[in-house]
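Undergrad: Give me coordinates for this.
(chains A and B)
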Amino acid sequence: MSTGFQKVSPMFVQRRRPVFPTVISSSFIFSILLALSFWPPVPFAQAQEIAAEPAFVSASPRTMTPGEATSGTLLFRAVEEGRYIQAPLEASDVKIEVTGLAARTKVTQSFYNPTQGWLEGIYVFPMPEDAAVDTLKMQIGDRFIEGKIKERQEAKRIYEAAKAEGKKASLLEQERPNIFTNSVANIGPGELVVIQIEYQQGLKIEDGEVRLRFPMVVAPRFNPSAEVQMVSLGTDGFGAGTGQDPVPDRTRITPPVIDPATVPDGTIINPVTLEVTLRAGFPLDGIVSPFHAIVKKKIDRDTVSIQLGAEATPANRDFELVWKAKQGKAPTAALFKEHYNGEDYIYALLTPPVSLDKVTARPREVIFVIDNSGSMGGTSIRQARESLLLALGRLQPTDRFNVIRFDDTMETVFASPVAADAENVGFARRFVAGLEARGGTMMLPALKAALIDPANTDTHYLRQVIFLTDGAIGNEDQLFSEIGKNLGRSRLFTVGIGSAPNSHFMSRAASIGRGSFTYIGDLAQISARMGELFAKLETPVMTDLRASFPEKANAEAWPNPLPDLYSGEPVLLTAKLSGAKGKLVIDGLFNGKRWAVGLDMKDAKSGSGIAKIWARRKIASLEQSRFDGQSHEEIESGVLTTALDYGLVSRLTSLVAVDVTRSRPEESALNSTHVPVNFPDGWNFDKVFGKSMAPVSTLRAQGTGQSQQFAQAIASDAFAPPASKGVQLPKGATSMELQRMIGLILLLLSATVFLVWRRKVRT
Amino acid sequence: MSRLSRALKPLAGLLLVAGIGLFASSYWIEAKAVVAQVLLEQAWAATLEGEGPVKAWSWADTWPVAALEVPRLGRRVIVLKGASGEAMAFAPGLMDGTPLPGASGTSIVAAHRDTHFEFLQDVEIGDKIQVTLADGTVTWFEATDRRIVYADHSGIEVVAGDGRLALVTCFPFGAMTSGPLRFVIIAERIKPGDRLTRQSTSR
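TA: Below is the predicted model of the structure:
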């Protein structure tokens, strides 16, 4: 780049030698001053760098596997370790049974080993975060294997031993609460593999709507980074789902998919059959599938069967089913029970009153905390500012509020919370509007300050802490325990800002803080997302919820304590009882008044999968108790015992299945070079893998003249297009060179303009 | 004198200022990268003395987790936790979610091609890489592969390998803007058994 300068500069020097000193003398000092005011000129460089950080990697402390699979995918281990070939999917059948907010899904998929070799397959599938995976069945050729639950390490040993002995074996592990992998050893040439997985799942209700999603896109595809985030954000690596959707707007993210019409020979179209049996537990106002044609059939008064309209549907769009509750005036409750291993399991579904217009909400005391550290640079700080300004605008004169900002320093706008009158709010608005992103991140002092609450016993105000940050911090545990210890009557609502907020931190912080987590991905989402949050913050909330069971029932209820109820939300309570008899009383404070409902447990409808959901909730609660001072050993043993007792795959347990007889002949190697690099007929490489599989020659063309390095690298086979996506790598370059280049060009331009001016002045 | 020509002088000044600003900004990036390593060395020394994670400056978002050396090239860098943009402005970063170097699986260390990992292009297969962790353990790695991959199709699996190290930077070196390609050095842990012999041959 400096060559350009050398070519041009002699011209100036020869023809207008006196020019430069003049320019420099007239504007030198000024320019230095101005340049200094740019100091430190980081935002330009950082804005790009930050965006490059792959969200999913930072989200989980213990990620492990191909995190890119967005649906069940069988991968065959290729020649080189860590690289996989995706197996052709033959057919897929999905059965989902919904009871209240519990869904049991049974997925049966058949895959085919198209190669001439013996293979080890890795089956990767994403799950809802609170999915309790308890069943794995596998049919390989004519053999049928069912998985048994074991401690994770032991299961791995059993699997490896079987694999080495040439036996068919499979191992189902939880990589993260929402990503599971299933390894299958010794699949013979040309064999058909049938995999069946069952899981139990809790559904979320929002504004009277329940949304069920099944990741159906089974054809391999090119995933945009947002998709990767969607699968991987917000998991905690400790095995517990927080019950919060990490990406509340995941329905909005529609990944590009292969259009079946563009596949001429039609081989990638996956015949999928799907059936949902829906017992919603409340009167329905409609059932909709936004992306697929469905056929509804009424089975009885409470049950509806939903099937995909066509016999076989191209699996190019995730299946979504939405059902809406009829609006009721008073809190209603539904009760289901299941008898399992000699004990009764119940769950209660509590729907709060939806018509809240006539009720006035309690006045609020709102503490806003805004992160203006350097990591918030660029659009993040703008999003945070806009969101906060919007929130300030929603305050009522009867409310009280305060604003705290922090980077590596901290400022509180008012010494203590003040009335939200026009003057105070105006002052705070001006303060917020002037915030710029700079400095490091010291979150703890700000969090502490926000939780300081001298009037802890006051019930007049509803105290809410709203935390706007990208969560770029390392001392998460410290913050969690601070929230756990000093929350008091406050409720913590986190608002995640930017393209890659630390959702693990924010969803868990909100969960410990008994509030909610709102994710704002870009500026355009602010008003919609904040609007949803305001609805929660401003409508009367049902607090201090308690469930009491008959003394003799020996009830163990989860979650414990019960979370607060916001408008549109029900609470799902699960409990284990020695006998589901007598009355279950759920009571709470609603709008300052105590409210209670008694449910006779003998009236409970029978449901299935409740024991598993109970166990899953218990595991999740145990994992969460880590931050309430529960000892590590207690949590580990609690999680392990529960997972083993209920046969659930968890952070500490896996399902393993081993065939009794050897199937691979001794002389054939497993996982060897037998895997052909060429795919069988009907597999269109480019269509399936997109640019990752671009032949080397294209790349050579792209790299022409870039550097000798490139040519060498390609010649030495350094460029190996991997079959799997693997880890998303961060950006490894600064804008240093670019800045230097543009800087030079500007300097040259400046000189040219000056010369032109001189000429004009003289003539 | 026309209005246009009157506007020319301030325009020249403005361009000059902007040019100098950008120029300075680019050196600021470089200066940060260099100065940070000095501060990080101090923090690292304190870390090795057993003070637990030590931040190089109090407001840092991250802290040193390892020291990485390529003796043949005489290069040494301190590695920070996390390969975020902020961390990488100061030092190479160990990607969150990947194991500590030497542990089972693949550790990924990323840095900018124009600062800390400029030397990556000179690393050859067979080169020894020494990594020191905060507890003082030293692990040796041997470079086994040089690869160019797409950032979103790296083929690098965190679970793969037994003590594998992937050093990652942008590719091609010396380019002006960053593209989708990454340059990766793969190195395998040298097991205690063969460590002595290999070390002695390299001397």
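
Undergrad: quick one, phi psi at the closest residue to A:Val295 other than its chain neighbours?
TA: Distances taken as CB to CB, 6 or more residues apart in numbering or on different chains place A:Gln307 nearest to A:Val295, at 4.9 Å, with adjacent residues excluded. C-beta coordinates here come from the backbone N, C-alpha and C atoms, glycine included. Dihedral pair for A:Gln307: phi -130, psi 160, per degrees, to the nearest 10.

Undergrad: who's in contact with A:Gln307?
TA: A:Thr273, A:Leu274, A:Glu275, A:Val276, A:Ile294, A:Val295, A:Lys297 (CB atoms under 8 Å, 6 or more residues apart in numbering or on different chains).

Undergrad: ok, the first one touching A:Ile96?
TA: No - shown here, A:Thr273 and A:Ile96 do not form a contact pair, counting by CB atoms under 8 Å, at 11.7 Å.

Undergrad: For the two, indicate the residue with more neighbours.
TA: A:Ile96 (20 against 16; other CB atoms under 10 Å in any protein chain shown).

Undergrad: Can you tell me which helices and strands the longest helix belonging to chain B packs against?
TA: Longest among the helix segments of chain B by residue count, using DSSP state H, is helix B:3-46. Packing partners of helix B:3-46 (3 or more CB pairs under 8 Å, 6 or more residues apart in numbering or on different chains; DSSP states H and E): helix A:19-37, helix A:43-52, helix A:736-762, strand B:64-70, strand B:75-81, helix B:85-90.

Undergrad: By mean pLDDT, show me the worst of these.
TA: Comparing mean pLDDT across the helices and strands packed on helix B:3-46, the weakest is helix A:43-52, with a mean of 32.

Undergrad: how many neighbours does the nearest residue to A:Leu738 once chain neighbours are set aside have?
TA: Using CB to CB, 6+ apart and skipping residues adjacent in sequence, the residue nearest A:Leu738 is B:Met176, 5.1 Å away. Using other CB under 10 Å, B:Met176 is surrounded by 15 other residues.

Undergrad: my read is B:Met176 is in a strand, agree?
TA: No - counting by DSSP: H, G, I helix; E, B strand; the rest coil, one finds B:Met176 to be coil, located in no strand.

Undergrad: per-residue confidence for it?
TA: 71.

Undergrad: Also A:Glu365?
TA: Predicted confidence (pLDDT) for A:Glu365: 90.

Undergrad: Output the contacting helices and strands for the helix or strand in which it is found.
TA: Using DSSP states H and E, A:Glu365 maps to strand A:364-371. If you count contacts as 3+ CB pairs under 8 Å, 6+ apart, strand A:364-371 packs onto helix A:379-393, strand A:400-406, helix A:443-451, strand A:462-469, helix A:526-538.

Undergrad: Can you tell me what sits against the fourth one?
TA: Contacting residues not belonging to strand A:462-469 are listed as A:361-371, A:376, A:384, A:387-388, A:391, A:443, A:447, A:450-451, A:453, A:488-497, A:501, A:506, A:509, A:513, A:515, A:537, A:541 [CB under 8 Å, 6+ apart].

Undergrad: Quick one, which of the residues you listed are buried?
TA: In the contacts of strand A:462-469, burial by neighbour count holds for A:361-371, A:376, A:384, A:387-388, A:391, A:443, A:447, A:450-451, A:453, A:489-497, A:501, A:506, A:509, A:513, A:515, A:537, A:541, counting by 16 or more other CB atoms under 10 Å in any protein chain shown.

Undergrad: for the biggest strand by length in chain B, packing partners?
TA: Among the segments of chain B that qualify as a strand by DSSP state E, the longest is strand B:138-150. Strand B:138-150 makes packing contacts with helix A:708-715, strand B:128-133, strand B:181-189, helix B:192-202 when contacts are defined by 3+ CB pairs under 8 Å, 6+ apart.

Undergrad: rewinding a little: make a ChimeraX selection of the buried ones in the contacts of A:Gln307.
TA: Buried residues within the contacts of A:Gln307, by 16+ other CB under 10 Å, are selected in ChimeraX with:
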select /A:273,274,275,276,294
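
Undergrad: just the contacts of A:Gln307 now: which is nearest chain B?
TA: A:Leu274 (30.0 Å; CB to the nearest CB).

Undergrad: leaving aside the residues next to it on the chain, what's closest to that closest one?
TA: Using CB to CB, 6+ apart, the closest residue to A:Leu274 is A:Val94 (4.3 Å).

Undergrad: just to revisit the earlier point, and the helices and strands packed on strand A:364-371, which is most packed in?
TA: Burial of the helices and strands packed on strand A:364-371 is given as mean neighbour count (mean count of other CB atoms under 10 Å in any protein chain shown); strand A:462-469 ranks first at a mean of 25.

Undergrad: one step back: residues near the residue nearest to A:Leu274, how many?
TA: A:Val94, neighbours per other CB under 10 Å, totals 20.

Undergrad: Confirm for me that A:Ser621 is in contact with A:Asn560.
TA: Yes - between A:Ser621 and A:Asn560 there is a contact under CB under 8 Å: 6.4 Å.

Undergrad: Show me what B:Ala66 is bridged to.
TA: B:Val79, B:Leu133 (DSSP bridges).

Undergrad: How about A:Asp93?
TA: With DSSP bridges as the rule, A:Asp93 is bridged to A:Thr108, A:Thr273.

Undergrad: tell me the mean pLDDT over stretch B:47-56?
TA: For stretch B:47-56, mean pLDDT rounds to 75.

Undergrad: same deal with stretch B:113-123?
TA: 87.

Undergrad: do stretch A:180-200 as well
TA: 78.

Undergrad: Look at that stretch and report the distance between its end residues.
TA: 14 Å (CA to CA, to the nearest Å).

Undergrad: try stretch A:433-443
TA: Termini of stretch A:433-443 sit 21 Å apart (CA to CA).

Undergrad: Next: stretch B:156-164.
TA: 10 Å.

Undergrad: Count the neighbours of the residue nearest to A:Leu212 when sequence neighbours are not counted for me.
TA: Spatial nearest neighbour of A:Leu212, chain neighbours left out: A:Leu321 (4.5 Å); criterion: CB to CB, 6+ apart. Residues lying near A:Leu321 (other CB under 10 Å) number 23.

Undergrad: That'll do, ta.
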